[in-house]
Structure formats: C-alpha cells, structure tokens
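K.L.:
This is the structure alone, sequence omitted:
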C-alpha cells in the first residue's frame, strides 16, 4: 500500500550513494544539502530536473550543477543515464536473489526495502561524523532525548536504554514541561555546560523539531538528529545526522531503520564507557531484583 506518509522507494543506486559519501566531507554546506537529498532520494532523481531539485532542497540551480560536475556528470541528463545503467544491473541481481527468497509477495518487496534501509544505517556508521556523534553523546554531562507524534515512543525507549549505558539521561517533552529542564539555577550562570539533545522526527515533521534544533545552537548544546530520508533541514543545525529510510511500502512509515540507528548509538556509547558499564548493569539488576520486577 502507498497510504499515509509512506510510499515505495523505487530503487537503490549503491554506486551513486558511494560517490556522494566520498565527496560529502569536502562539500560546502549548500552542496552537502543537495548531496544528502540526492543520496536519500535516489529513486526519485529520474523524475527531477536541475531546477526542481534545487527548489526542493532550497538552493540555487548553480549549486546543483556544481555538485553534478564534481561527481563527473554532465548535468542531470548524464546523471539519469548512469542511473538507468545502474537500475538495469540491480534488477538482474534482484531476479537472482528473488529466486531463492521464500517470503511471499508483497512481503518480499517490503523485506528488501527494510533490509536495505538497515544496511544504509550501518554504512553511515563508517562516515567521518559517526565518531564525533558518539563522542557528543558519550561525553555530555547530560543527554536529553526527544521525539514527536508517531516516534515519541521510540524516543522514550531510547532514553531508557541509553540510561543503562550512561548516567544522566532524560526524555524531553517540550510541550509537557515547556523546557523547564533547560532552566539554569542562579549559581550556574556563566558556567560552561556540556549537554546534548538527541532529536528523533519523521514526516510530517513536528513544528517543535526545528525550533529545538535552533535553541540547541543558540544555547551551545550539542545536537544529534535521527530522522527519515526526506529531511534536509537537519543539517542546517548540525552535521551529526543519521538518515534512516522509512519508505518500505507499508501503510505508515517504517521505524525499523530508525530503531536500528538508535540501537547502534546506545551500543557505541556503552562501549565508550566500558570501564563503568559492568558496574552500572550490576547496580541496575540489584535494584530490579529489589523491586521484584523480574
């Protein structure tokens, strides 16, 4: 089905994705926004022009042309030609793989897209920004996690899991508390703070999301964003962004890849504090036994 905010991603183009990953650290902010949008919406590029792509990302057409030249393509026509070639090769490989797939249709199509979305999240862990993302969460004196609407529950779950990996983690509900958690006591004014916000949001984006991102920038808090493939505004506020594909043909957007990304963050933070994690888990288990939960 293609209902709700979900639709089938038409195809994956690993060669183009690898090209974009390779040049991303060298790009200007505007070019990087175009590259990120292209990378996460490759299935739609065949229907774009330089002008329409520029309009969707919010940059000039010159910026799009400059990026395409950097990638070695003669405008959108050259890019589309390469995408057709890659699509042909991909379909041949897909036919071979499908011959051994026992999952019935339409579930097999959903499965292919879900697996590719998870693989893409793991690929992003190899990008230069991954280590800085982990350090931002691991080194912060306090970490907040927030999410909205359909992903609020995932954010709360992430906060609880992350609290096992490190101390001082709080779920942040901007509407519920009106950011009272960010108010400073009088004696702390002027002191350096080291706080981090993990922001999780998907289409249709909450109005609070970019506002919180901007407030993080203004107040000196680190910002990590885990979002879907359609979001290009996050990089206006931070480069610590993980894009997880949510379009797998289900009625609503899938949260499989987003959950995978959050699990990887929790695991990486736990490994950063490996000298303390054993003690934390032991104390947690003792408390749980005292409460007779398990």
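P.N.:
Structure's in. What do you need? Values in this document were obtained by computation on a predicted structure and should not be read as measured data. Numbering: from 1, shown residues only.

K.L.:
what are the ranges of the strands in the stretch 151-294 of the chain?
P.N.:
169-171, 195-201, 222-227, 241-243 (DSSP state E, counting those that start in this stretch).

K.L.:
List just the one of those that sits closest to residue 103.
P.N.:
Between residue 103 and the strands of the stretch 151-294 of the chain, the tightest spacing by CB to CB is seen for strand 241-243, at 26.0 Å. (Each C-beta comes from the backbone N, C-alpha and C, glycine too.)

K.L.:
so how far is the closest one off the chain centroid?
P.N.:
Offset of strand 241-243 from its chain centre (CA atoms, centre = their mean, to the nearest Å): 3 Å.

K.L.:
Pull up the pairing partners for that strand, direction included.
P.N.:
Strand pairing for strand 241-243, using DSSP bridges, gives strand 222-227 (parallel).

K.L.:
what angle separates the partner strand from strand 195-201?
P.N.:
Here the directions of strand 222-227 and strand 195-201 differ by 10 degrees (axes from the mean of the first three to the mean of the last three CA atoms, to 10 degrees).

K.L.:
Quick check: mean pLDDT of strand 222-227?
P.N.:
Averaging the model's pLDDT scores along strand 222-227 yields 98.

K.L.:
which stretches of the protein have low pLDDT?
P.N.:
Of all residues in the chain, those with pLDDT under 70 make up the ranges 1-14, 87-101, 185-192, 294.

K.L.:
cutoff 50 now
P.N.:
In the predicted model of the chain, residues 1-11 satisfy pLDDT under 50.

K.L.:
Would you format the strands of the stretch 151-294 of the chain as CSV with mean neighbour count and distance to residue 55 included?
P.N.:
Written out in CSV, the entries for the strands of the stretch 151-294 of the chain read as follows (neighbours: other CB atoms under 10 Å; distance: least, CB to CB, whole Å):
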stretch, mean neighbour count, distance to residue 55
strand 169-171, 20, 37
strand 195-201, 25, 23
strand 222-227, 25, 21
strand 241-243, 24, 20
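
K.L.:
Nothing else from me, thank you.
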